[in-house]
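Enquirer: Sequence and computational prediction follow.
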Amino acid sequence: MTEYFTVRRIDNSRLVRFAPPAELKEFWKKVGVGAAIAACLLFYTWQHFECIQVRYNIEQLDAQRGRAAELNEQLHIEVATLRSPMRVDAIARNQLGLTVSVPGQVAPTQGTGNAMLADARMLEQVPRP
């Protein structure tokens, strides 16, 4: 009589070996420490990139302020040029045909009343077509 030995494969994939409570506690400690370190690193990098963004904004605002100061200077020069008495005199003589008054041509009045000033102000405010 011949004997046959067969090897039976046992499927142990469904078996779960529970870790002892001490190992499980140690595992959760490590996970907590790792999460805390990751949170600190993320917070640091967020602050770092925010700082870089603020520096870029400051640089842009400085450039904008420089352009505004330059424009302000140009406008002050333009206002000074437009208010120049020589320019006003040239426009009065050439474009409007005005001349210097002859002595005796201008007669002073007996003082100005408030009603006349009010009328003059009203004439200045009337919109012209």
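Expert: In hand now; what should we look at?
Enquirer: Please save the CA atoms from stretch 78-93 in PDB.
Expert: Extracted as PDB, the C-alpha positions of stretch 78-93 are listed here (Å, rounded to 0.1, in the frame of the first residue of the first chain):
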ATOM      1  CA  GLU A  78       2.100 122.900 -15.300                       C
ATOM      2  CA  VAL A  79       0.000 124.900 -12.900                       C
ATOM      3  CA  ALA A  80       2.900 127.300 -12.300                       C
ATOM      4  CA  THR A  81       3.300 127.700 -16.100                       C
ATOM      5  CA  LEU A  82      -0.400 128.300 -16.700                       C
ATOM      6  CA  ARG A  83      -0.500 130.900 -13.900                       C
ATOM      7  CA  SER A  84       2.500 132.800 -15.200                       C
ATOM      8  CA  PRO A  85       1.700 136.500 -15.500                       C
ATOM      9  CA  MET A  86       3.600 136.700 -18.800                       C
ATOM     10  CA  ARG A  87       1.500 134.000 -20.300                       C
ATOM     11  CA  VAL A  88      -1.700 135.600 -19.100                       C
ATOM     12  CA  ASP A  89      -0.600 139.000 -20.600                       C
ATOM     13  CA  ALA A  90       0.300 137.400 -23.900                       C
ATOM     14  CA  ILE A  91      -3.100 135.700 -24.200                       C
ATOM     15  CA  ALA A  92      -4.800 138.900 -23.200                       C
ATOM     16  CA  ARG A  93      -3.000 140.900 -25.800                       C
END
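Enquirer: In this protein, where's the longest helix?
Expert: With residue count as the measure and DSSP state H as the assignment, the chain has helix 21-82 as its longest helix.
Enquirer: orientation of the helix or strand just after it relative to helix 21-82 in degrees?
Expert: Following helix 21-82 in sequence order, the next helix or strand is helix 85-94 (DSSP states H and E). On the basis of axes from the mean of the first three to the mean of the last three Cα atoms, to 10 degrees, helix 85-94 is oriented at 50 degrees to helix 21-82.
Enquirer: what is the rounded mean pLDDT of helix 85-94?
Expert: For helix 85-94, mean pLDDT rounds to 88.
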